[in-house]
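In: Have a look at this fold, sequence not included:
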């Protein structure tokens, strides 16, 4: 019992050190703050743009050269109905004056309208064609005005006209068990994409942090003192857990602030409401979030143990990046499979790679998030990952034990064997 | 008894024998000098004592038992390659290392203050290690190995890279530990330090223990003493005295290398025959001479 208490005490001291010293570093605080600021910025981007561009867009007018004032009125109504704030206004200026104004940037654009015989002929003049959203909107508005005018000229009642343009009732039904409706898929896709990116980013960042930490302790030779106080294996796992908790804390901070940002964003009007539902946040899929946390943790441990193992092999921090390169490639490949799989989550290659432990954190998460999988599939992949972590942990501990004592120009995987041998001695 | 005992300890890495049949005993309250050229096997031996490496053969016992992590609180270790976290503050770092050696946080803090005062560097308490000079980093490192009052101290080159004033300061601290009953193993390239501090010593060369014993024994058994004679008369004939191995003459007298005390006696008697002797002395070989003779031959 006393031995156990002491074991836990030492574990806790290293855990605390790994966690606290990193959490207090300027780089950690600054990165976290920047990302949170970025989240707030993104959430409020429309408000901010409105504020800065206030004078242009709010109450902006679009000069129209036309003989037919009625069409301009209808256009104004139509645009307003579409949620556009720019108001078209009949202009008395001749074309060349307006041309000059466009060139000098006094106005963004103007419109030349000619109508007659139920057709509308419009010309949109602008400096360059960078902004295609607004002209398309104008075109759409004019299109419906023309349709209405035609219907009127054919003496169709509004009901008859409405019937004529009634949209087809088109819906999609999927027969496979795991199918989600297209709408559900689109919703899930946004959320899964964001979470997938977070997992990818976190696993890469924290596992390379582990490798660098271990290599720093080795190169600064403080390792020698550490492992003469506590066993290398305990040191390794305490370190992995300490940095892991730091990662979890950072992710939780991002999550909480992201949620607050979206909820409090002043532009919670139509636009961010739209973004909300696009990302599937409006009715947050609790299971997807739970799976994200599970796969983040498993993915992190898998790669962190691997990183600690690799970090223990190098003697200089400069060599860390080249040695963990193959590991980083694994995560990148997993991410590529997962991203391409977003569109086709039921493809065979996605399915098979989702059981490979090094890809599972991203690919199985993608499948679980996008499809209604039978429960055994994610469980199986979680079990495979846990087993791999156990094997890797056992092997890593052996390498680590020898690796931390090894100095010299070691920068290749061949040193694995040497390290295991030294660890046994 | 707080005794460290190594018996026929051997360590092989593949075909390479790093330590070959090493035996030594370090008693309570004594300091053992461990000498060897670079790569002689000192660090490997220390790592075996600490339990970081397992000997291929032989046994290592501390208080009659092998050293494991459960005894690590009783041990202080100063590695040859100095290592501290460069970005951590001195106080945080020392209290972390102290806690790892089983200290309570408050005790660690008190010990840190005490030792920083003692080594005349209290102003570095909240500085980062990388901001300190090399000598001051060394002091911090020594504090890390002493602060938890270890019973067994393993000091690998404790005084290298320090100015003479600081060497005396650290030496004083180490002596205090010895006098308080600690068991100390101490390696150095500085023979004068070993001569001053250690009653017992070993010289190892390529893993082999080439010299072993108390300082007196080692010097005696070396079989070479210098006899210095100064006389106003001609004493060049003395080199013919049996037992004289070598001789050299200078204005202030002659130096004869002799194998034993009898030869020295004979030399004195012969010298007196020529006339009065102004100076006669038997000089023990310095550890430096012994080390160079035993190890340096191959290196030179």
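Out: Looks like it arrived, so ask away. Predicted model, so just to flag it, every value in this text is computed and none were measured.

In: hey, what's the spatially most central residue of chain B bridged with?
Out: Of all residues in chain B, the one closest to the mean position by CA atoms, centre = their mean is residue B:33, 3.3 Å from it. Here residue B:33 sits in beta bridges with residue B:186, residue B:201, going by DSSP bridges.

In: Looks like it contacts residue B:186 (just checking).
Out: Yes. Here residue B:33 reaches residue B:186: they are 5.8 Å apart, a contact under CB atoms under 8 Å. Glycine gets a C-beta too; all of them are placed from N, C-alpha and C.

In: Straight-line length of stretch B:82-98, end to end?
Out: 17 Å (CA to CA, to the nearest Å).

In: list the buried ones in that stretch?
Out: B:82-86, B:88-98 (16 or more other CB atoms under 10 Å in any protein chain shown).

In: any idea which of those residues is closest to chain A?
Out: Nearest to chain A out of these is residue B:83 (CB to the nearest CB; 2.7 Å).

In: which one is that closest one nearest to, not counting chain neighbours?
Out: residue A:221 (2.7 Å; CB to CB, 6 or more residues apart in numbering or on different chains).

In: And the residue of chain A that's closest to chain B?
Out: Relative to chain B, the nearest point of chain A is residue A:221 (2.7 Å; CB to the nearest CB).

In: ok, now which ones touch that residue?
Out: Residue A:221 is in contact with B:79, B:81, B:82, B:83, counting by CB atoms under 8 Å, 6 or more residues apart in numbering or on different chains.

In: residues contacting residue A:308?
Out: With contacts defined as CB under 8 Å, 6+ apart, the neighbours of residue A:308 are A:210, A:211, A:214, A:236, A:239, A:240, A:396, A:400.

In: can you list the weak-confidence ranges in the stretch 151-300 of chain B?
Out: Along the stretch 151-300 of chain B, the parts satisfying pLDDT under 70 run over B:297-300.

In: all helices for it, in order.
Out: With helices called from DSSP state H, counting those that start in this stretch, the stretch 151-300 of chain B shows them at B:164-179, B:191-197, B:215-221, B:261-274, B:287-291, B:297-299.

In: With distance to residue A:81 and mean neighbour count added, can I get these in a markdown table?
Out: Shown next, in a markdown table, are the helices of the stretch 151-300 of chain B (distance: least, CB to CB, whole Å; neighbours: other CB atoms under 10 Å in any protein chain shown):
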| stretch | distance to residue A:81 | mean neighbour count |
| --- | --- | --- |
| helix B:164-179 | 85 | 15 |
| helix B:191-197 | 94 | 17 |
| helix B:215-221 | 104 | 15 |
| helix B:261-274 | 121 | 16 |
| helix B:287-291 | 99 | 20 |
| helix B:297-299 | 96 | 9 |
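
In: okay if I get those as CSV plus distance to chain A?
Out: Converted to CSV, the helices of the stretch 151-300 of chain B look like this (distance: least, CB to the nearest CB, whole Å):
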stretch, distance to chain A
helix B:164-179, 17
helix B:191-197, 22
helix B:215-221, 29
helix B:261-274, 46
helix B:287-291, 26
helix B:297-299, 22
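
In: Now render those helices as a markdown table, adding distance to residue B:120.
Out: Shown next, in a markdown table, are the helices of the stretch 151-300 of chain B (distance: least, CB to CB, whole Å):
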| stretch | distance to residue B:120 |
| --- | --- |
| helix B:164-179 | 7 |
| helix B:191-197 | 21 |
| helix B:215-221 | 31 |
| helix B:261-274 | 46 |
| helix B:287-291 | 30 |
| helix B:297-299 | 38 |
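
In: out of those helices, nearest to residue A:248?
Out: With CB to CB as the criterion, residue A:248 lies closest to helix B:164-179 of the helices of the stretch 151-300 of chain B, at 43.7 Å.

In: So which residues of the stretch 101-250 of chain A form helices?
Out: Using DSSP H, counting those that start in this stretch, helices in the stretch 101-250 of chain A cover A:133-153, A:158-164, A:182-219, A:222-229, A:232-264.

In: Single out the most deeply packed of those helices.
Out: helix A:222-229 (a mean of 24; mean count of other CB atoms under 10 Å in any protein chain shown).

In: for it, the distance to its chain's centre please.
Out: Offset of helix A:222-229 from its chain centre (CA atoms, centre = their mean, to the nearest Å): 40 Å.

In: Next: stretch B:89-100.
Out: Distance, stretch centre to chain centre, for stretch B:89-100: 27 Å (CA atoms, centre = their mean).

In: if we can go back for a sec, in terms of mean pLDDT, which of the helices of the stretch 101-250 of chain A ranks lowest?
Out: Per-stretch mean pLDDT for those is lowest at helix A:158-164 (a mean of 77).

In: quick one: contacts of it?
Out: A:147, A:148, A:151, A:156.

In: Where do the domain boundaries of chain A fall?
Out: A:2-43+A:181-424, A:61-164 (automatic domain parsing).

In: Need the distance between the two termini of the shortest one.
Out: For domain A:61-164, the first-to-last residue distance is 33 Å (CA to CA).

In: Over to stretch A:337-345?
Out: End-to-end for stretch A:337-345, by CA to CA: 10 Å.

In: Other residues contacting that stretch?
Out: A:189, A:192-193, A:196, A:200, A:347, A:349-350, A:353, A:359, A:362-363, A:365-367, A:370-371.

In: Please repeat the previous calculation with a cut-off of 10 Å.
Out: Here stretch A:337-345 makes contact (CB atoms under 10 Å, 6 or more residues apart in numbering or on different chains) with A:178, A:180, A:185, A:188-190, A:192-193, A:196-197, A:199-200, A:347, A:349-351, A:353-354, A:356, A:359, A:361-371, A:373.

In: mind listing the strands for the chain?
Out: Since no chain was named, I'll use chain A. Applying DSSP state E to chain A gives strands spanning A:61-65, A:87-90, A:109-116, A:119-126.

In: my bad, chain B
Out: Ranges of strands in chain B, per DSSP E, are B:4-13, B:16-26, B:31-36, B:57-62, B:75-78, B:152-156, B:183-187, B:200-205, B:208-214, B:225-231, B:244-250, B:253-258, B:277-283.

In: Would you reformat the ones you listed as CSV and include distance to residue B:42?
Out: What follows is those, written out as CSV (distance: least, CB to CB, whole Å):
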stretch, distance to residue B:42
strand B:4-13, 12
strand B:16-26, 9
strand B:31-36, 5
strand B:57-62, 15
strand B:75-78, 13
strand B:152-156, 7
strand B:183-187, 5
strand B:200-205, 7
strand B:208-214, 12
strand B:225-231, 28
strand B:244-250, 31
strand B:253-258, 30
strand B:277-283, 29
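
In: Which one of these lies nearest to residue A:13?
Out: strand B:75-78 (16.9 Å).

In: wait, does that closest one contact chain A?
Out: Yes. Strand B:75-78 lies within reach of chain A by CB under 10 Å from any CB of the partner chain, at B:75, B:76, B:77, B:78.

In: Was I right to think residue B:189 contacts residue B:292?
Out: No. Counting by CB atoms under 10 Å, residue B:189 sits too far from residue B:292 to count as a contact (11.9 Å).
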